[in-house]
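Enquirer: Sharing a sequence plus its predicted fold:
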Amino acid sequence: MHDLNTRNSMQRVIDAALAELDGCHAILATGDLSQDESEQAYRDFARIMAPLDQPVLSIPGNHDNPALMRTFLDQGQFQFCGAATGSNWLIIMLSSHLSGQTGGALSEQELDRMDTLLGQHPERHALICLHHQPVPIGSQWLDGIGLSNGEEFMRRVHQAGNVRGVVWGHVHQEFQSENAGIALLAGPSTCHQFVAACDEYGVEKGRSGYRILNLHTNGRIDTRVNWVET
Ligand SMILES: [Fe+2]
């Protein structure tokens, strides 16, 4: 991407994160694990993550092939979509992928699956993960290719009462906001970032990153982004 080998930059991010990964319980990859929907992209991703001990959870982005992800990233330490539990938390991974489209949407089936899971675990704090941003992030071009039914999604998230955070990828930047006590978080890209708060497409070169999410038993989320020079 723009002269950056994204496989190598991802490897550098993982290398830089290794010390911190020691204390982590899981790794979440928020989509666009490929650019070309190729088998090779997922083989490379699996190879780079294989030495790590943690479960690797992933969701599909607009550049992904969900069927291939299920083939290569839903066995052993890898989990594709579905849900996971840990301590008193519930992590729900949703697919907002729409074949052939850059923007995303959640199907009625995915929204219902989320509602059902949240209803089945009312005692757990929940973190919802999806690729496309469900709220505007102040960047016209990116907000035009976000989650088209974000309002309905957020309505259901608020209605559930036990969702503490929503996290997504797609926007290649650090974004952090909050809505009625629910943390709204974007993870940065392991390749280039997009220029934040900019209405037109712009690439910010020079740094890749990852977001640490510390999910406390009382439902609080502490989070920060760590940057790695590319
Ligand atoms: Fe994306």
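Expert: It's in.

Enquirer: Might you report the residue contacts of Val166?
Expert: If you count contacts by Cβ atoms under 8 Å, 6 or more residues apart in numbering, Val166 has them with 127-130, 134, 157, 182-185. C-beta coordinates here come from the backbone N, C-alpha and C atoms, glycine included.

Enquirer: Mind naming the longest helix for the chain?
Expert: Taking DSSP state H as the criterion, the chain has its longest helix at helix 6-21.

Enquirer: Can you name every helix or strand that whatever helix or strand comes next after it contacts?
Expert: Sequence-wise, the next helix or strand downstream of helix 6-21 (DSSP states H and E) is strand 27-29. When contacts are defined as 3 or more Cβ pairs under 8 Å, 6 or more residues apart in numbering; DSSP states H and E, strand 27-29 packs onto strand 56-58.

Enquirer: buried ones in the helix or strand just after the strand it packs on?
Expert: The first helix or strand that comes after strand 56-58 along the chain, using DSSP H and E, is helix 66-72. Residues 66, 68-70, 72 are the ones in helix 66-72 that count as buried (16 or more other Cβ atoms under 10 Å).

Enquirer: Same list (those residues) but as TSV, adding distance to the ion and pLDDT.
Expert: Converted to TSV, the buried residues of helix 66-72 look like this (distance: Cβ to the ion, whole Å; pLDDT from 0 to 100):
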residue	distance to the ion	pLDDT
Pro66	13	98
Leu68	16	98
Met69	14	98
Arg70	18	98
Phe72	19	97
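
Enquirer: Need the phi and psi values for Val163.
Expert: Per-residue torsions, Val163: phi -80, psi 130 (degrees, to the nearest 10).

Enquirer: At which residues are the helices of this structure located?
Expert: Here the chain has its helices, by DSSP H, at 6-21, 39-49, 66-72, 108-120, 140-143, 150-160.

Enquirer: I'd like these written out as a markdown table, with distance to Thr223 added.
Expert: Output for these, formatted as a markdown table (distance: least, Cβ to Cβ, whole Å):
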| stretch | distance to Thr223 |
| --- | --- |
| helix 6-21 | 13 |
| helix 39-49 | 21 |
| helix 66-72 | 25 |
| helix 108-120 | 21 |
| helix 140-143 | 20 |
| helix 150-160 | 17 |
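
Enquirer: Can you get me a residue count around the closest residue in space to Asp199 that isn't next to it in sequence?
Expert: With sequence-adjacent residues excluded and distances taken as Cβ to Cβ, 6 or more residues apart in numbering, Asp199 is closest to Gln140, at 3.8 Å. Applying other Cβ atoms under 10 Å, we find 11 residues neighbouring Gln140.

Enquirer: what's the answer for Asn88, then?
Expert: What Asn88 shows, counting by other Cβ under 10 Å, is a neighbour count of 14.

Enquirer: Leu90 now?
Expert: Residues near Leu90, counting by other Cβ under 10 Å: 22.

Enquirer: now do His192
Expert: Per other Cβ under 10 Å, the neighbour tally for His192 reads 21.

Enquirer: I'd guessed it sits against Met1; true?
Expert: Yes - counting by Cβ atoms under 8 Å, His192 does reach Met1; the two are 5.8 Å apart.

Enquirer: OK, contacts around the residue nearest the centre of the chain?
Expert: Central residue of the chain (Cα atoms, centre = their mean): Thr30, 2.4 Å from the mean position. Residues counted as contacts of Thr30 (Cβ under 8 Å, 6+ apart) are 58-59, 61, 129-131, 167-170, 187.

Enquirer: Quick check: which of those residues are also close to the ion?
Expert: Among these, the residues lying close to the ion (Cβ under 5 Å from the ion) are 61, 170.
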